[in-house]
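Participant: need the 3D shape of this:
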Amino acid sequence: MKSVAELHAIKDKMKNEVVLREGAGEIRVVVSMGTSGIASGAREILNAFVEEVFNNNLAHKVSVTQTGAFEGNGHEPAVEIFENGKDKVTYVNMTADKVKEVVAKHLAGGEIIEEYTVEKA
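Facilitator: Sure, this is the predicted structure:
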């Protein structure tokens, strides 16, 4: 049985994850959760983005959501990033390591990783 303190810690962690998924930040990360996306690991990618955004203290400006299939079809798991006043960026063939790099370089640093985009796939 977990202690009250452990239960409160779990509650706080989950609350932060829900805020990330529902928040309205200046940057929106949308993970394609169509059937083929899920089959190729999109759920893990969604969870990795939530965790990395939280761990990098970006929850104030980044929200992480999901949608059905989009133009990354054939290159799943795929992710679209929307930033106010900028063109949409679509990352494809995502992995947990790529998520860490996208969060560090693109979401935190503003640098698009061209080699992971749909145009380079």
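Participant: just for the protein, where's the confidence low?
Facilitator: Within the chain, the stretches falling below the threshold (pLDDT under 70) are 1-2, 7-8, 10-25, 71-73, 119-121.
Participant: let's go with 80 and repeat that
Facilitator: Residue ranges of the chain with pLDDT under 80: 1-25, 69-74, 118-121.
Participant: most centrally placed residue in it?
Facilitator: residue 49 (3.4 Å; Cα atoms, centre = their mean).
Participant: so that one makes contact with residue 99?
Facilitator: Yes: under the criterion of Cβ atoms under 8 Å, residue 49 is in contact with residue 99, at a separation of 5.6 Å. (Glycine included, C-beta is placed from N, CA and C.)
Participant: what touches both of the two?
Facilitator: Counting by Cβ atoms under 8 Å, 6 or more residues apart in numbering, no residue touches both residue 49 and residue 99.
Participant: sorry, back to before: quick one, what contacts the residue nearest to the centre of the chain?
Facilitator: Applying Cβ under 8 Å, 6+ apart to residue 49 gives the contacts 29, 31, 64, 79, 99, 103.
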